[in-house]
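J.: With the input below, show me the fold.
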Amino acid sequence: MRTAVVIPTYRVTSHILEVVRGIGPEVDRIYVVDDCCPDGSGTLVTSEIRDPRVSVIFHEANQGVGGATLTGMKQASDDGADVIVKIDGDGQMDARLISDFVLPIAAGEADYCKGNRFFYLDNLRGMPAHRIVGNAVLSFVTKVSSGYWDVFDPTNGFIALRAATFRNVEAHKVARRYFFESDMLFRLYLVGAVVRDIPIRSIYGAELSGLKVIHNAWPFAIGNVGNAIRRIGYTYYLRDLNMGSLLLPIGLLLTIFGLTFGVANWWSAGQRGVEASAGTVMLAALPIIIGFQSLLGFLTIDISKTPRLPQGRKA
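T.: Alright, predicted model coming up:
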């Protein structure tokens, strides 16, 4: 299969040449996308790299890592690539692992492969603590919003996908900046793509991460909540109606009613200095128990709906 590698570049002049030179002969084309880099990353590659596989694309305005990646992916797809791999230009990803990402797609076992830095526990020693905590929280939230309950480390930028799958995704709707990877998972779910985690080891050196946890927490929260609502709406109320379509609203309504009723009566009883009656307690507890069980039933159904048949096999 014809393999292309996309490398979005922005202020990575100290690493980009080493990254490009580290890509092996198993790759047919390399697309370096200069995302209006003020340090001239693309110009540096043009002047220093003589590899005929390399093409440099320049953005006139900064579009973010997602926008640069999508530009490269579209060009690779238009040029006839079968599998498109994206790695970062900061040297944190081992280009020798590219084949590990391509093989499951070539074998028809997956449509999209992404790195997982949490598979090797000893790898956590070199990972900053805030990244560990942040990725753990984001991983759970992204499971809910994307529907891929068996993947982890959603913001990992080492990815590979089938070009045919990329053409099925509404690329113009994918988030352009740091929410790119999480939003891509949501878009992949809508087209039924199979996603697989690939264990990797990351390299943390002196480079600075452009992702500021506190600054980007709110956009990530809003994006994931919006995607979760859309995914559930599409999956359970527009495309299909099943038991999950009933369990979710029943579970939410009963749980909310039980909690509201229980808190209101607890407060009222406290204000009057009396104890709540057994009947009042049961009237609050029973809806919560039934509602929680309903939500667990919905969760079981949702996990079972994770795409399992790769699009390569469907073809």
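J.: Okay, now the unreliable bits of this structure?
T.: The chain contains residues with pLDDT under 70 at 126, 203-216, 312-315.
J.: Work out which residue lies at the spatial centre of it.
T.: For the chain, the residue nearest the mean C-alpha position is residue 182 (2.8 Å; CA atoms, centre = their mean).
J.: Past the host helix or strand of it, which element shows up next along the chain?
T.: Of the helices and strands defined by DSSP states H and E, residue 182 is found in helix 180-190. Once the chain leaves helix 180-190, the next helix or strand it forms, by DSSP H and E, is strand 195-199.
J.: quick revisit: which residues touch the residue nearest to the centre of the chain?
T.: Residue 182 is in contact with 138, 142, 145-146, 154-155, 175, 220, 223-224, 227, counting by CB atoms under 8 Å, 6 or more residues apart in numbering. Where C-beta positions appear, they are placed from N, C-alpha and C, glycine not excepted.
J.: Could you report the separation of it from residue 31?
T.: Look at residue 182 and residue 31: by CB to CB, to the nearest Å, they are 23 Å apart.
J.: returning to what we had before: how about the helix holding residue 182 as CSV, C-alpha atoms only?
T.: The C-alpha trace of helix 180-190 is given here as CSV (Å, rounded to 0.1, in the frame of the first residue of the first chain):
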residue,chain,number,x,y,z
PHE,A,180,-8.3,17.9,16.3
GLU,A,181,-7.5,14.4,17.5
SER,A,182,-10.6,14.1,19.8
ASP,A,183,-12.9,15.6,17.2
MET,A,184,-11.5,13.2,14.6
LEU,A,185,-12.5,10.3,16.7
PHE,A,186,-16.1,11.6,16.9
ARG,A,187,-16.1,12.0,13.1
LEU,A,188,-14.7,8.5,12.6
TYR,A,189,-17.5,7.0,14.7
LEU,A,190,-20.1,8.6,12.5
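J.: What's the local residue count around residue 99?
T.: Residue 99 has 15 neighbours, counted by other CB atoms under 10 Å.
J.: just residue 239 next, same as before
T.: Residue 239: 9 neighbours (other CB under 10 Å).
J.: Dihedrals phi and psi, it?
T.: Here is the backbone geometry of residue 239 (degrees, to the nearest 10): phi -90, psi -20.
J.: quick one: the strands in the stretch 1-150 of the chain?
T.: 3-9, 29-34, 54-58, 83-86, 112-116 (DSSP state E, counting those that start in this stretch).
J.: Could I get those strands in TSV, plus columns for distance to residue 250 and mean neighbour count?
T.: TSV is the format used below for the strands of the stretch 1-150 of the chain (distance: least, CB to CB, whole Å; neighbours: other CB atoms under 10 Å):
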stretch	distance to residue 250	mean neighbour count
strand 3-9	45	28
strand 29-34	48	25
strand 54-58	51	17
strand 83-86	42	28
strand 112-116	34	25
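J.: Any idea which of these gets closest to residue 46?
T.: strand 54-58 (5.1 Å; CB to CB).
J.: strand partners of that closest one, parallel vs antiparallel please.
T.: strand 29-34 (parallel) (DSSP bridges).
J.: so how far is stretch 86-98 from its chain's centroid?
T.: Its chain's C-alpha centre and that of stretch 86-98 lie 17 Å apart, by CA atoms, centre = their mean, to the nearest Å.
J.: which residues sit against that stretch?
T.: For stretch 86-98, contacts defined as CB under 8 Å, 6+ apart pick out 3, 5-10, 12, 15-16, 18-19, 22-24, 26-27, 32, 41, 65, 69, 72-73, 85, 115, 157-160, 198, 200-205, 207.
J.: buried subset of those residues?
T.: 3, 5-10, 12, 15-16, 19, 23, 27, 32, 41, 65, 69, 72-73, 85, 115, 157-160, 198, 200, 202, 207 (16 or more other CB atoms under 10 Å).
J.: Residue 180 against residue 174, yeah?
T.: Yes. If you go by CB atoms under 8 Å, residue 180 and residue 174 touch, sitting 6.5 Å apart.
J.: who has more neighbours, these two?
T.: Applying other CB under 10 Å to residue 180 and residue 174 shows that residue 180 carries more neighbours, namely 23 against 20.
J.: got the contact list for residue 142?
T.: Here residue 142 is in contact with 148, 154, 182, 185, 224 (criterion: CB under 8 Å, 6+ apart).
J.: Skipping adjacent residues, who's closest to the last one in space?
T.: Nearest residue to residue 224 in three dimensions, chain neighbours excluded: residue 145, at 4.1 Å (CB to CB, 6 or more residues apart in numbering).
J.: give me every residue that touches that neighbour.
T.: Taking CB under 8 Å, 6+ apart, one finds 182, 185-186, 223-225, 227-228, 231 in contact with residue 145.
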